[in-house]
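Novice: sequence-free structure coming up:
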């Protein structure tokens, strides 16, 4: 592990989801906010390595933010699989009632995965990426929440964060000391 490593996590540009839940559905990104893209480019310009979810919206965002750079796709960085709920209109999704964060983190949609499952899938990838030094990671809100859960040492607690499209969250790993959170959900 290097002396320290920064993970600069960026949520993809707004998804063109058509008003329906999009976890594993492969939809395009709205890249029309060129000013926001330019500001993010400036924030991550000195970071050489880029990792990305294979989702189209993430790849398009990565190509816009990091033109001409090598981008490593990693399937572990996919968004949560919402199973039978994928593609459902937001207003047609079932009401889960009053679940506390622990119950919400462990709840699995039919044929899908829970946030806790996503956390288990994502955190080894983030640790591996950080193990090689500073990196930009372009992914989904769930992946960024999992990274925050890793830093906070809580899976349910990570669900309190809202992660906006084209926002930057930065974590730092210090060997022997663990993770720290530099910033969350910064709209560059």
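Specialist: In hand now; what should we look at? Values in this document were obtained by computation on a predicted structure and should not be read as measured data.

Novice: contacts, neighbours, all on C-alpha from now
Specialist: OK.

Novice: quick one: the strand or helix carrying residue 35 to chain centroid distance?
Specialist: Per DSSP states H and E: residue 35 is located in helix 34-44. On the basis of C-alpha atoms, centre = their mean, to the nearest Å, helix 34-44 sits 17 Å off its chain's mean C-alpha point.

Novice: wait, residue 88 sits on residue 23?
Specialist: No. Using C-alpha atoms under 8 Å, residue 88 makes no contact with residue 23, being 10.8 Å away.

Novice: the two - which one has more neighbours?
Specialist: It is residue 23, of residue 88 and residue 23, that has more neighbours when counted by other C-alpha atoms under 10 Å, with 22 against 15.

Novice: and the pLDDT for the more buried one?
Specialist: Looking at residue 23, its pLDDT stands at 93.

Novice: that one and residue 89, how far apart?
Specialist: 13 Å (C-alpha to C-alpha, to the nearest Å).

Novice: cool, residue 14 as well?
Specialist: The gap separating residue 14 from residue 89 is 17 Å, by C-alpha to C-alpha.

Novice: pretty sure residue 36 contacts residue 166?
Specialist: Yes. Proximity of residue 36 to residue 166 meets the contact threshold set by C-alpha under 8 Å, at 7.2 Å.

Novice: residue 147: what's it in contact with?
Specialist: Residues near residue 147 by C-alpha atoms under 8 Å, 6 or more residues apart in numbering: 122-123, 126, 171.

Novice: appreciated, that's everything.
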